[in-house]
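K.L.:
following is a predicted model, sequence given first.
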Amino acid sequence: MNNNMQALAETLSTDKILLATFQLIKDIHHQYPATHLDIGSGAGSLIKLLRNNLSIQSTACDYTDTLMNEEGVKVEIANLNTEKLPFADGAFDIVTCTEVIEHLEHYRETIQEAFRVCKAGGTFVVTTPNILNLKSRLRFLFFGFYNLFGPLHFRESKLYSTGGHITPIGLFYLIHSLVDAGFSEITVRVDKRQTTSLIYLVFLYFPILFVSRFLLKTEIKKYKTVDDENLPYVKKMNSVDILTGRTIVVGCKKIKSA
C-alpha cells in the first residue's frame with residue numbers, strides 16, 4: 001500500500017467512533033468467542049481494536065481490498081450498491097458497519113443484508129454522521145446542506161471522503177430501517193459532544209423543547225403518526241445526545257425465535 005493510500009485509509013473512522021462502537025459491543029454482546037463481520041472495513045482499524053480486546057474472529061468486506069492494513073485479514077469484495085453480502089445466512093455473531101451507510105445508494109438493503117448474515121441472538125452495530133445536532137440543523141437552515149453533507153461534484157465520487165456522502169440519514173429513519181429489517185432492543189449513543197452544538201444548546205434548548213412538545217401533540221392527535229412503539233424514538237430526536245452528538249452509534253439484536 002502506498003503512503004497516500006495508507007494515510008487515507010487511516011482516516012476513514014476516528015478513534016472516538018471506533019471506541020464508541022467497541023464499548024457498545026462490549027455492553028450488549030455477551031457470548032464469546034464470537035465471529036465478526038465488518039462491513040466497509042477500510043484499513044481494518046475496528047477489526048484490530050476488537051481482535052486485540054475480545055475473543056473474536058473477524059472477516060472483512062469492502063468494495064476494494066486495497067485499503068486493508070491489518071495483517072492476516074482477507075477482504076471479501078462486494079459493491080453494496082449493486083450486490084448482496086457474499087456470506088451465508090446467519091454466518092456471524094457480530095456485524096458492524098461504521099461510517100458506511102451514508103456512502104450507499106440503498107442503505108436499507110444493506111441493513112437487511114446485515115440482518116440476514118447475523119446469527120439469531122447476534123449483535124449489529126451501525127454508525128453514521130448525526131445530521132440532527134444543532135450545528136448541522138443550523139447549517140441546513142441557512143445553507144440547505146447538513147454538516148458533512150455539502151455540495152457534491154457531478155460525476156465524481158470520492159468514496160472514502162465526505163465527497164462520497166450521498167445519503168444523509170436521521171436517527172429516526174435509521175431506527176425505522178433496523179426495526180423493519182427485524183432487529184430489536186435498540187440502543188442509541190453518540191461518540192462525542194460537539195463544542196459548537198453545546199454552545200447553541202444553551203440558547204436553543206428550551207425553545208426546541210417547547211415547540212417540539214406542541215408539534216408532537218399535533219402528530220399524535222391530528223396526523224396519527226406517533227404510537228406507543230415509535231414514541232420513544234420520536235422523543236429521542238430532540239434529546240441532548242442527539243442535539244449535541246457528532247456521530248450516532250446504534251446497536252441492536254437479532255432476537256432468537258421462540
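P.N.:
Perfect, I can see it now.
K.L.:
so who does the nearest residue to Leu243 once chain neighbours are set aside touch?
P.N.:
Excluding its sequence neighbours, the residue lying closest to Leu243 (C-beta to C-beta, 6 or more residues apart in numbering) is Leu134, at 5.4 Å. All C-beta atoms are positioned from the backbone trio N, CA, C, and that covers glycine. By C-beta atoms under 8 Å, 6 or more residues apart in numbering, the residues touching Leu134 are 194, 196-197, 200-201, 204, 243-244.
K.L.:
again with Lys48
P.N.:
Lys48 makes contact with Glu70 under the criterion C-beta under 8 Å, 6+ apart.
K.L.:
first-to-last residue distance for stretch 95-115?
P.N.:
The first residue of stretch 95-115 is 9 Å away from its last residue (C-alpha to C-alpha, to the nearest Å).
K.L.:
distance from that stretch to the middle of the chain?
P.N.:
On the basis of C-alpha atoms, centre = their mean, to the nearest Å, the separation between the geometric centre of stretch 95-115 and that of its chain is 8 Å.
K.L.:
which parts of it are buried?
P.N.:
Taking 16 or more other C-beta atoms under 10 Å as the basis for neighbour counts, the residues of stretch 95-115 that come out buried are 95-104, 107-108, 110-115.
K.L.:
repeat for stretch 225-238
P.N.:
For stretch 225-238, burial by neighbour count (16+ other C-beta under 10 Å) applies to 226, 233-234, 236-238.
K.L.:
and what of stretch 184-195?
P.N.:
186, 188-191, 193-194.
K.L.:
sorry, back to before: which of the contacts of Leu134 are buried?
P.N.:
If you count burial by 16+ other C-beta under 10 Å, the buried members of those come out as 194, 196-197, 200-201, 243-244.
K.L.:
leaving out the residues flanking it, which one is nearest to Ile169?
P.N.:
In space, Ile169 comes closest to Thr128 once its chain neighbours are excluded; the distance is 5.4 Å by C-beta to C-beta, 6+ apart.
K.L.:
now the helix or strand the one you found falls within, how far from the chain's geometric center?
P.N.:
When elements are defined using DSSP states H and E, Thr128 is found to belong to strand 118-129. Put simply, strand 118-129 sits 10 Å off its chain's centre (C-alpha atoms, centre = their mean).
K.L.:
swap in stretch 52-62?
P.N.:
Offset of stretch 52-62 from its chain centre (C-alpha atoms, centre = their mean): 18 Å.
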